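> kindly return the folded structure for what I paste below:
(chains A and B)
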Protein chains: 2
Amino acid sequence: MSGHVVALSGGVGGAKLVHGLGLALPDASLTAIVNTGDDFRHLGLHVSPDIDSVLYALAGLSDPERGWGRREETWTFMTALKGLRGETWFNLGDGDLAMHVERSWRLSQGETLAQATARACAALGIHPRVLPMSDQPVRTRLRTDEGWLDFQDYFVGHQCRPRVHEIAYEGAEVAQALPAALEALARPDLRAVVICPSNPFLSIEPMLAMPALRAALANAPAPVIAVTPIIGGKALKGPAAKLMAELGLEVGNETVARRYAGLAQVFVADSSDPLPGVVPGVRMAQAQTIMHTDDDRRMLAEAVLALADAAR
Amino acid sequence: MSGHVVALSGGVGGAKLVHGLGLALPDASLTAIVNTGDDFRHLGLHVSPDIDSVLYALAGLSDPERGWGRREETWTFMTALKGLRGETWFNLGDGDLAMHVERSWRLSQGETLAQATARACAALGIHPRVLPMSDQPVRTRLRTDEGWLDFQDYFVGHQCRPRVHEIAYEGAEVAQALPAALEALARPDLRAVVICPSNPFLSIEPMLAMPALRAALANAPAPVIAVTPIIGGKALKGPAAKLMAELGLEVGNETVARRYAGLAQVFVADSSDPLPGVVPGVRMAQAQTIMHTDDDRRMLAEAVLALADAAR
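Numbering: from 1, shown residues only, chains lettered A, B, ... in the order given. Just a heads-up that it's a prediction; the model follows:
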């Protein structure tokens, strides 16, 4: 089946499936809308962690061992910054810095985040279209036992240790969802929308918190299919399961599926888990969701697309 | 003899003698006033090449082979920037970037260049006081066969190839010389002022173009001694000799000495060269000015200080 596919993605886990979809689909058939709720300014540089994870995955530049950042990375900058007694709580690889410096410079010259991202895609030879969810800031913040924390302060500074009581997406009500993202979700040739295996609270819901993006997803003229980030009651990476427990939610697939109810028609659990219990309006399915290799990524993408096609 | 010493310095060659003076003098007895005419913004970062050369020399971080930048440098940033099709005409080492990013960030937070420099000195354990010649921009520009060029465009971008007809120090008339620099030059315990072996046109004269700094030097209550950057009719590094020829000046020690006449009472040529011809008001001297090792640096510093002391 032909048609355009839109993927909603956060960082590393989501980026792998975006890459898989890129491998499975013809060029120019994929648009990725990427969370920018984790974006922040650090040492004056604009850092967009999820966009970078998606670009690195699509360009074959991701580090396969570390799970984030670039392969063949060096850390001379951090060593020198430590020598200058600079702020070293957030690790910036030397190669990764090129993205932050170049992006920050382009933004300071008046480019939008979408334009700077498109420029990076062109330079890196990336064919899928990669879009930030918005050109305006939406910032994920967490109310914890230690008060309200900015996302990176919670995620990196505090390594997700503080107990979380509430999550807010500052700016989501006023930020304009990227027009190109809304257009992609309304394409008459839309084949499927894939909600990638990303943290629902920290990667997908910042997008859903923008009313226009949520509405576009609800009205998308194609099946919406969500892939779980939870396997065996745990997240492969990151604090999704911990957050569920702290927010008083049952840790499991049903909880994730319920958060996407009304938006997603199909929910994909990992094949090693039992088929999730009933969530009204959501068809449950299973697939091999762990992606070690490029083949794993492509195969999951193909399985997800087949499930979406079957749900038309 | 005790007392305070002030050094005027540009980049690499001057920085070596600043380091030598630091080795020869007790802590807190040396103030270096450093050229900022080469400063520029690159990719949104504030780069101060001469300040960095002085700091790296004083902190023992200079690369001994390359002649500029940091030792044990890596270049992953540049490789990644090239992959992003960024501007790669100016080389930024990964460790060097820490200085540029940290400084730029501090400046954006409202610190002055002098404050950011003092902060870096403290972090690096540097005892001599290192001062930018001004907190305000003075920019060296060159009128060449290819039109007016910014300094780094001429120096790095064009590798000093275009013929130079005129040199301007934009902003020098309005920029305020750093008050601490003027105070250092007026100290009652001033022992000597050393004009380091830097390019007169590109490193020293941007300072002299600021009326208050020139006046403070002319009125300094201690001998002013200049060390030549010319050996055997050539500059050890950089375009000093080429510029002299292009500006219609005789290439040699006398030309340099004449540019400092009225300011310097002593001029030091290299001991491998003949004693320079008469320049009114300037006592000619000789010393071993090539500095391969830290000992060379310290010995030249001691020779220069002895010559200054003898000129009182």
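
> name the nearest residue to A:A168, sequence neighbours excluded.
A:R141 (5.0 Å; Cβ to Cβ, 6 or more residues apart in numbering or on different chains). C-beta here means a position set from N, CA and C on the backbone, and glycine is covered the same way.

> need the three-state assignment for that neighbour.
Three-state call for A:R141 (DSSP: H, G, I helix; E, B strand; the rest coil): strand.

> distance of the residue lying closest to A:R191 once chain neighbours are set aside relative to A:R298?
Spatially, and ignoring its direct neighbours in sequence, A:R191 is nearest to A:G3 (3.0 Å; Cβ to Cβ, 6+ apart). Relative to A:R298, A:G3 is positioned 18 Å away (Cβ to Cβ, to the nearest Å).

> okay, those two: which has more neighbours?
Each of A:G3 and A:R298 has its neighbours counted (other Cβ atoms under 10 Å in any protein chain shown); A:R298 has more, 19 against 16.

> my hunch is that that one is in a strand, does that hold up?
No. Counting by three-state DSSP, A:R298 is not part of a strand but helix.

> ok, now which ones touch it?
For A:R298, the residues meeting the contact criterion (Cβ atoms under 8 Å, 6 or more residues apart in numbering or on different chains) are A:G20, A:L23, A:A24.

> against chain B, how distant is the closest residue in space to the first one that isn't next to it in sequence?
In space, and not counting its chain neighbours, A:G20 is closest to A:R297: 3.1 Å by Cβ to Cβ, 6+ apart. Plainly put, A:R297 is 22 Å away from chain B if you go by Cβ to the nearest Cβ, to the nearest Å.

> thought A:R297 was touching A:M291?
Yes. Between A:R297 and A:M291 there is a contact under Cβ atoms under 8 Å: 4.7 Å.

> now do the shared contacts for those two.
Residues touching both A:R297 and A:M291 (Cβ under 8 Å, 6+ apart) are A:K16, A:L17, A:G20.

> and which of the residues you listed is nearest to chain B?
A:K16 (20.8 Å; Cβ to the nearest Cβ).

> assign a three-state SS to that closest one, would you?
Following three-state DSSP, A:K16 is assigned to helix.

> for the nearest residue to it once chain neighbours are set aside, phi and psi?
Counting by Cβ to Cβ, 6+ apart, A:K16 lies nearest to A:M291, which is 4.5 Å off, once chain neighbours are set aside. In terms of degrees, to the nearest 10, the main-chain angles of A:M291 are phi -120, psi 90.

> would you confirm that A:M291 contacts A:A15?
No. In this structure, A:M291 is not within contact of A:A15 by Cβ under 8 Å, at 10.0 Å.

> what secondary structure does A:A123 sit in?
Counting by three-state DSSP, the backbone at A:A123 sits in helix.

> residues near it, how many?
Count around A:A123 with other Cβ under 10 Å applied: 17.

> hang on, it packs against B:L81?
No. The pair A:A123 / B:L81 is not scored as a contact, 9.8 Å apart, by Cβ under 8 Å.

> re the thing from before, what's near enough to touch the residue nearest to A:R191?
Listed by Cβ under 8 Å, 6+ apart, the contact partners of A:G3 are A:S29, A:D189, A:L190, A:R191, A:A192, A:A222.

> among those, which are in strands?
Counting by DSSP state E, those place A:L190, A:R191, A:A192 in strands.

> ok, the second one to A:A261 distance?
To tie it back to what came earlier, the one meant is A:R191. Noted for A:R191: a distance of 22 Å to A:A261, by Cβ to Cβ.

> neighbour count for those two, which is higher?
For A:R191 and A:A261, the more surrounded residue by other Cβ under 10 Å is A:R191, and the numbers stand at 22 against 14.

> ok, so of the ones in strands among the contacts of A:G3, who is nearest A:W105?
A:L190 (35.1 Å; Cβ to Cβ).

> if that closest one is in a bridge, with which residues?
A:H4 (DSSP bridges).

> how close does it get to A:A32?
For A:L190 relative to A:A32 (Cβ to Cβ), the value is 14 Å.

> repeat that for A:L305.
15 Å.

> cool, A:A168 as well?
Using Cβ to Cβ, one gets 25 Å for the distance from A:A168 to A:A32.

> equivalent analysis for A:V266, please.
On the measure of Cβ to Cβ, A:V266 and A:A32 end up 19 Å apart.

> helix or strand right after the lowest-mean-pLDDT helix or strand in chain A?
Least confident helix or strand, chain A: strand A:234-235 with a mean of 87, by mean pLDDT, DSSP states H and E. Downstream of strand A:234-235, the next assigned helix or strand under DSSP states H and E is helix A:240-246.
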